[in-house]
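Student: Need a 3D model of the following:
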Amino acid sequence: MSGLRFDEGVLPNGLRVVGEYNPRAASVAMAYLVETGGRDERDDEQGVSHFLEHLCFKGTARRGSLEVSRDFDALGARYNAFTSDELTAYYGAVLPEAAPELLELLTDMMRPSLRDDDVDVERNVVLEEIAMDADRPASVAFDRARERFFAGHPIRRALLGTTASIGALGADRVRAFHERRYRSGGMLVVLAGAYDWDATLRQLEEETLGWPEGDPGRDHPDVVWSAGRFEERAANVTRAHVALLAPGVGRRDERRHAAALLARAIGASDNSRLFWSLIEPGLADEASLWHDDADGFGSFGGYLSTDDASVERVLDVARDVFEGVQREGLERAEWARAQRTLATGLTLRGETPMGRLVTVGSAYLDRGRHESVASVVDELLSTPLEAGLALLAERPFDRACTYVVRPARTA
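Tutor: Next up, the predicted model:
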């Protein structure tokens, strides 16, 4: 795209800043990406990363929670936040003239007050989320599968935490986690769209003066995949829900595109091996496969939903699909279709600054470089079928962990 430019810099306190400047953009998006998530929590801190995300909206030394919401709305901002196993993101998009005010607000939120009363109030909100999640059989199935598949690794734990872990998280422990993990060297500010680079750097240097410095880092314990089939029956379930996890590849692995293409060809929601084997014949109402690449490792994830009487047949058919692609591979037409579909989706998401924001930041964090939409599309379209066949030759689905949540037996 004409005029597209990548900017990068590091402030004296170690805060990294990157941007993808697009002179044709009619908006600007920005984010704080904090390199911390569920896998960085200690055993007595389960759920604190997500809890802290909530609390960053509850107020700072400059503004209370009501002012935070009102200030976002006054800017006309589209904003949100999310927590993953490895990242906590706070982001928003505005018209270019409101960019300095949005940057100030997001920066202020990174130093929340973490008042005792706010922690107590927000604890109830998170506990309600946990209760709601427990009423979703698919979520329960994946939580149980993660516990077993990633046994011994911190990523096995439920991101929301548990009723017990959140109930035990006092304000002092939350403040200690924030002090340890929200340091300037462990954050990345990302810009996309029509921004003023020099003005942004000057503003950030002034507003982050005095922040705790240093990079909190991350432990990388070995991952030992634990395969097997497990199940439970629950009274509040009317259909069977199946979660599947199998070994994949990491974010820095050159095979990550091949893994994503494999997942698309095998388990997309339409016109895939699982679709034609399970959805089209009416054996299952949902059947999907995807690939998640993490820091140092990755995994294939799958989900099946069917009536209880059909569970064994559905699992047998799914196993036949996985065995078939591991033994015989994929057809070139399937591979090409997956390439075009992923390339189209990537291009569509990249047409707005908000759509580019986390992608630009993640590429920089994961691989230390800027990856334009065009360059990633080229990588996808040039990834050969043979790369996918080599992954299948490792027979990852032989080492899958499957967890089934089924309706309780009737008397």
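Student: Give me the spatial nearest neighbour of residue 232, chain neighbours excluded.
Tutor: residue 405 (5.9 Å; Cβ to Cβ, 6 or more residues apart in numbering). Just so you know, the C-beta spots here come from the backbone N, C-alpha and C atoms, and that holds for glycine as well.
Student: scratch that, residue 295
Tutor: In space, and not counting its chain neighbours, residue 295 is closest to residue 86: 5.4 Å by Cβ to Cβ, 6+ apart.
Student: For the one you found, give me the pLDDT.
Tutor: For residue 86, the model assigns a pLDDT of 96.
Student: ok, now the one 10 residues further on?
Tutor: According to the per-residue confidence, residue 96 scores 97 in pLDDT.
Student: and if you look at residue 410?
Tutor: The model's pLDDT for residue 410 equals 72.
Student: For it, which residues are in contact?
Tutor: Neighbouring residues of residue 410 by Cβ atoms under 8 Å, 6 or more residues apart in numbering: there are none.
Student: Could you check how far the residue nearest the centre of the chain is from residue 144?
Tutor: Taking Cα atoms, centre = their mean as the criterion, residue 84 is the residue nearest the geometric centre of the chain, at 4.8 Å. Distance of residue 84 to residue 144, computed by Cβ to Cβ, to the nearest Å: 19 Å.
Student: Then residue 46?
Tutor: Residue 46 is 15 Å from residue 144, by Cβ to Cβ.
Student: repeat for residue 409
Tutor: Taken as Cβ to Cβ, the span from residue 409 to residue 144 is 19 Å.
Student: Have a look at those two and say which one is more surrounded.
Tutor: Between residue 409 and residue 144, residue 144 has the larger neighbour count (other Cβ atoms under 10 Å), namely 19 against 7.
Student: what sits against that one?
Tutor: Residue 144 neighbours (Cβ under 8 Å, 6+ apart): 230, 232, 243, 403, 405.
Student: In the stretch 201-350 of the chain, mark out all the strands, start to finish.
Tutor: Ranges of strands within the stretch 201-350 of the chain are 228-234, 240-247, 286-293, 298-306, based on DSSP state E, counting those that start in this stretch.
Student: Single out the most deeply packed of these.
Tutor: Mean neighbours per residue, mean count of other Cβ atoms under 10 Å, is largest over the strands of the stretch 201-350 of the chain for strand 240-247, with a mean of 24.
Student: Quickly run through the sheet partners of it, with directions.
Tutor: Strand 240-247 sits in its sheet next to strand 298-306 (antiparallel), strand 401-407 (antiparallel), going by DSSP bridges.
Student: Relative to residue 121, which of the ones you listed is closest?
Tutor: Proximity to residue 121 (Cβ to Cβ) singles out strand 401-407 among the strands paired with strand 240-247, at 32.1 Å.
Student: what's the domain layout of this protein?
Tutor: Here the domain assignment for the chain is 5-207, 228-407, based on automatic domain parsing.
Student: right, so of the ones you listed, which gets closest to residue 218?
Tutor: Ranking the domains of the chain by proximity to residue 218 (Cβ to Cβ) places domain 5-207 first, at 6.0 Å.
Student: Off-centre distance for the helix or strand containing residue 366?
Tutor: Take DSSP states H and E as the rule and residue 366 turns out to sit in helix 353-367. Helix 353-367 sits 12 Å away from the centroid of its parent chain (Cα atoms, centre = their mean, to the nearest Å).
Student: Likewise for stretch 270-279?
Tutor: How far stretch 270-279 lies from its chain's middle: 25 Å, per Cα atoms, centre = their mean.
Student: circling back: just checking, what packs against the following helix or strand past the helix holding residue 366?
Tutor: Toward the C-terminus, helix 353-367 is succeeded by helix 373-382 as the next helix or strand (DSSP H and E). Contacts defined by 3 or more Cβ pairs under 8 Å, 6 or more residues apart in numbering; DSSP states H and E place helix 373-382 against helix 256-267, helix 332-349.
Student: Can you list the helices and strands that the first one packs against?
Tutor: Meaning helix 256-267. helix 273-274, strand 286-293, strand 298-306, helix 311-328, helix 332-349, helix 373-382, helix 385-393.
Student: what's the angle from it to strand 240-247?
Tutor: Here helix 256-267 runs at 150 degrees with respect to strand 240-247, directions being taken by axes from the mean of the first three to the mean of the last three Cα atoms, to 10 degrees.
Student: average pLDDT for helix 256-267?
Tutor: Summarised as a single mean, pLDDT over helix 256-267 is 98.
Student: quick one: secondary structure of residue 80?
Tutor: What DSSP: H, G, I helix; E, B strand; the rest coil gives for residue 80 is strand.
Student: Quick check: which element contains the closest residue to it other than its chain neighbours?
Tutor: Closest residue to residue 80 apart from its sequence neighbours, by Cβ to Cβ, 6+ apart: residue 91 at 6.5 Å. Per DSSP H and E, residue 91 falls inside strand 88-94.
Student: Which strands or helices does the helix or strand just after that strand pack on?
Tutor: On the C-terminal side of strand 88-94, the nearest following helix or strand under DSSP H and E is helix 99-109. Applying 3+ Cβ pairs under 8 Å, 6+ apart, one finds that helix 99-109 makes contact with strand 28-34, helix 65-74, strand 88-94, helix 197-207.
Student: Nearest to residue 120, out of the ones you listed?
Tutor: Comparing these by Cβ to Cβ, helix 65-74 comes nearest, at 13.5 Å.
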